[in-house]
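Colleague: Provided below for reference: sequence and predicted model.
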Amino acid sequence: MTLADLARAGRTPQLPIHLDVAGGLELQSLLRVLPGQRYVGVAMWQGRKVLAKLLVGAKAERHFQRELTGARALHEQGIDSPALLNEGQQPGQGGWLLFEYLDSAESLWDAWRQVERDALLSDGQQAVLGEALGVIARLHLVGLAQEDLHLDNLLRQGSKLHVIDGGGIRAENPGNPLPRDKVLANLGIFFAQLPAELDAFLEELLVHYLLVNGEHALPLEALEKEIARVRRWRLGDYMKKIARDCSLFSVVRGAFGLRAVRREAEAGLERLLQAPDAAIEQGRSLKQGATATVAEVQIDGRKLLVKRYNIKGLLHWLTRFWRPSRAWHSWREGNRLEFLCIATPRPLAVLERRFLWLRGRAYLITEYLSGQDIIARFRPYLDNPDGAGAPPEAELQALDRLFAALIRERISHGDFKGYNLFWHDGRWTLIDLDAVYQHRNERSFARAYARDRARFLRNWPAESALHQLLDKRLPQVPSTCPERG
């Protein structure tokens, strides 16, 4: 196969692929694909395993030069990075770069996943983030910045931490420290991808950076503003991706239907997506309502939740056909919550039945959530909130963190019944997202949060000790007071 053939191979070409580049290359697996532009994967070349970056399409020459320049800059400045073994271009077709394959390497993202549920800034978290900040400081000290700066682009092999993805490397003034404004911008990219709860520990985390690169004083307020700016951009970009065909999501829309599915789950869900009503009939019924039907289904031994949003009749249809379905709203807000690290069952797919673009019945498919809702879980403590009869402090602290996150992100739930809050995997997890909304201004959020807080407290009698404990504990938005009723 030639590079020109590869450019036409689509998102899932049949493997292995034998390419007539670098004297012969066998592409065995794919790690990242941008159809018609970039194919990154593990390959065999001259009897050894390599990491192959294959750049094709109209922008191939520009992307090739960027990758090559970045890879060389890393090595020239003494930054640990996989060795570039071979590179070249074929006029009019594309180019390739073959890198040393790092056996038994672990990305810092994988290391972070092992400690992300620890107490904030635990020793494990400090170790991972400190290691990352140390290598970022070394990059900045020699005038380099990784513009695609995230933990997956830092690979640990033994005692070495390698920087990968030369395409994201920018050389401001190689060999000389990066200017302060560039440092702040690059650190903003890094910290914006970490949980916002860690913002309170920015000063402590920056010590790891300053121990390696103390060239500039780093004003905390300026860094916080940059982090907030990047976070807003990242969320906006992600919310666009959930509605279009891309590497993360498969989206097909037309006059007779809409289908959006998380790409990693698409193959396993295909049978369910083809016949969701049959799956609901065969599954375990959880709710049979006029406007919504909910069932637990099993696909290849995996439990899923399918929620069908029904149309009751003509009058109901007239109120629904012209606006986004509740399934789509829940899909959007579920992805938003997950992106913001607020626990909710992972949304996997959404379907809308349409007739000439007019919306009808719709379906939402999510991961199945096991566990107890908060009413059942706190029932033993209804009148015993003090001493040994109090709810476990870990669960109360998790509730504190949930409400703090909702305030920080200005998100209201809209139906804060206790049955919509589950204890799962050490966190309080929100379900039933039909009315979830992220507010643009503090005033509208303050009103919505006051209603949410009041509704949440009404899950228990006002005279109960548990109600009074939670009322004292739950945070309030400034300038609001709890609503009673």
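Modeller: That came in fine, so what should we check first? Numbering: from 1, shown residues only.

Colleague: which stretch of helix or strand covers residue 423?
Modeller: strand 421-424 (DSSP states H and E).

Colleague: give the rounded mean pLDDT of that strand.
Modeller: Taken as a whole, strand 421-424 has an average pLDDT of 95.

Colleague: what about dumping the CA coordinates of that strand to CSV?
Modeller: Presented in CSV, the C-alpha positions along strand 421-424 are these (Å, rounded to 0.1, in the frame of the first residue of the first chain):
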residue,chain,number,x,y,z
LEU,A,421,-28.4,10.9,43.9
PHE,A,422,-26.6,7.6,44.2
TRP,A,423,-23.6,6.5,46.2
HIS,A,424,-21.4,4.7,43.8
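
Colleague: quick one: strands adjacent to the helix or strand just after it?
Modeller: Per DSSP H and E, the first helix or strand lying C-terminal to strand 421-424 is strand 427-430. In the sheet, strand 427-430 lines up against strand 421-424 (antiparallel) (DSSP bridges).

Colleague: could you list the buried residues of the strand it pairs with?
Modeller: Buried residues in strand 421-424, counted by 16 or more other C-beta atoms under 10 Å: 421-424. Every C-beta, even on glycine, is put in place using the N, C-alpha and C of the backbone.

Colleague: OK, contacts around the residue nearest in space to the middle of the chain?
Modeller: In the chain, the residue lying closest to the centroid (C-alpha atoms, centre = their mean) is residue 339, at 4.2 Å. The contact partners of residue 339, taken as C-beta atoms under 8 Å, 6 or more residues apart in numbering, are 235, 238.

Colleague: quick check: it vs residue 472, distance?
Modeller: According to C-beta to C-beta, to the nearest Å, residue 339 and residue 472 sit 32 Å apart.

Colleague: for residue 252, same thing?
Modeller: For residue 252 relative to residue 472 (C-beta to C-beta), the value is 51 Å.

Colleague: repeat that for residue 35.
Modeller: 56 Å.

Colleague: what's the burial count for residue 231?
Modeller: 20 (other C-beta atoms under 10 Å).

Colleague: backbone phi and psi for the closest residue to it other than its chain neighbours, please?
Modeller: Closest residue to residue 231 apart from its sequence neighbours, by C-beta to C-beta, 6 or more residues apart in numbering: residue 192 at 4.6 Å. Dihedral pair for residue 192: phi -60, psi -20, per degrees, to the nearest 10.

Colleague: and the chain, what are its domains?
Modeller: 3-100, 106-232, 249-367, 372-473 (automatic domain parsing).

Colleague: which one of those lies nearest to residue 242?
Modeller: Of all the domains of the chain, domain 249-367 sits nearest to residue 242, with 4.9 Å by C-beta to C-beta.

Colleague: find the least confident helix or strand in this structure, judged by mean pLDDT.
Modeller: Ranking every helix and strand in the chain by mean pLDDT, DSSP states H and E puts helix 314-320 at the bottom, with a mean of 70.

Colleague: tell me the first helix or strand C-terminal of that one.
Modeller: Helix 314-320 is succeeded, C-terminally, by helix 326-339 (DSSP H and E).

Colleague: how about the CA coordinates for that next one, as PDB?
Modeller: Only the C-alpha atoms of helix 326-339 are listed here, as PDB (Å, rounded to 0.1, in the frame of the first residue of the first chain):
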ATOM      1  CA  ARG A 326     -34.900  15.400  26.300                       C
ATOM      2  CA  ALA A 327     -32.700  12.500  25.300                       C
ATOM      3  CA  TRP A 328     -30.400  15.000  23.500                       C
ATOM      4  CA  HIS A 329     -30.400  17.400  26.500                       C
ATOM      5  CA  SER A 330     -29.500  14.500  28.800                       C
ATOM      6  CA  TRP A 331     -26.700  13.400  26.400                       C
ATOM      7  CA  ARG A 332     -25.300  16.900  26.300                       C
ATOM      8  CA  GLU A 333     -25.400  17.600  30.000                       C
ATOM      9  CA  GLY A 334     -24.200  14.100  30.900                       C
ATOM     10  CA  ASN A 335     -21.100  14.700  28.800                       C
ATOM     11  CA  ARG A 336     -20.700  18.100  30.300                       C
ATOM     12  CA  LEU A 337     -20.800  16.800  33.900                       C
ATOM     13  CA  GLU A 338     -18.300  14.000  33.000                       C
ATOM     14  CA  PHE A 339     -16.000  16.600  31.400                       C
END
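
Colleague: could you list the buried residues of it?
Modeller: Quick answer for helix 326-339 (16+ other C-beta under 10 Å): 326-337.

Colleague: and residue 215, how far from residue 77?
Modeller: In terms of C-beta to C-beta, residue 215 sits 15 Å off from residue 77.

Colleague: swap in residue 342?
Modeller: 40 Å.
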